[in-house]
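Engineer: Pasted the sequence and its predicted model underneath.
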Amino acid sequence: MAPEETLFAKIIRKEIPADVVYEDDLALAFRDLAPQAPVHVLVIPKEPIANVGVAEDAHRDLLGHLMLVAGKVAVQEGVADAFRVVTNSGEGAGQSVFHLHLHVLGGRPFSWPPG
Ligand code: AMP
């Protein structure tokens with residue numbers, strides 16, 4: 001079942017503006033509106049999947065592609081030597097937009113475990 005449409009669908013259709021740093025047939029990457037690091041880019045599939053928790057076997061290639069795009073974005077943004085890729089799945093994990101997205105964060109030190 002397709003998830004309810006989110007504002008990210010409107011960003012994909014260019015109905016609301018975003019600072020896009022990468023785009024191809026399958027994916028879009030744009031700067032987060034409330035950056036948590038000097039580099040904070042969201043990588044999303046154009047296909048609306050709510051989160052990793054509901055992704056299916058059919059999404060295998062797409063999910064791999066998103067990870068590769070995250071790496072490309074990190075190179076493009078000059079943080080390839082140290083960056084973090086995060087995806088929140090479910091409200092309890094901090095997900096607020098239910099269209100799968102990878103946060104690509106870089107440009108500052110990160111601690112572990114994450115909060
Ligand atoms: P999450 O909380 O993991 O679902 O992440 C959603 C992210 O989307 C947050 O980091 C928000 O700052 C970001 N966000 C929400 N609206 C926009 C927008 N219009 N453009 C860019 N980023 C957004």
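Structural biologist: Received, thanks.

Engineer: Average pLDDT for the lengthiest helix in the chain, rounded please.
Structural biologist: As assigned by DSSP state H, the longest helix anywhere in the chain is helix 60-76. For helix 60-76, mean pLDDT is 98.

Engineer: And that helix, what does it pack against?
Structural biologist: strand 20-23, strand 27-31, strand 39-45, strand 83-86, strand 102-106 (3 or more C-beta pairs under 8 Å, 6 or more residues apart in numbering; DSSP states H and E). Placement of C-beta: from N, CA and C, glycine included.

Engineer: And the first one, what does it pack against?
Structural biologist: Applying 3+ C-beta pairs under 8 Å, 6+ apart, we find strand 20-23 packed against strand 27-31, strand 39-45, helix 60-76.

Engineer: That strand pairs with which strands, parallel or anti?
Structural biologist: strand 27-31 (antiparallel) (DSSP bridges).

Engineer: ok, and what's touching the strand it pairs with?
Structural biologist: 11-12, 18-23, 40-46, 65-66, 69, 73, 104 (C-beta atoms under 8 Å, 6 or more residues apart in numbering).
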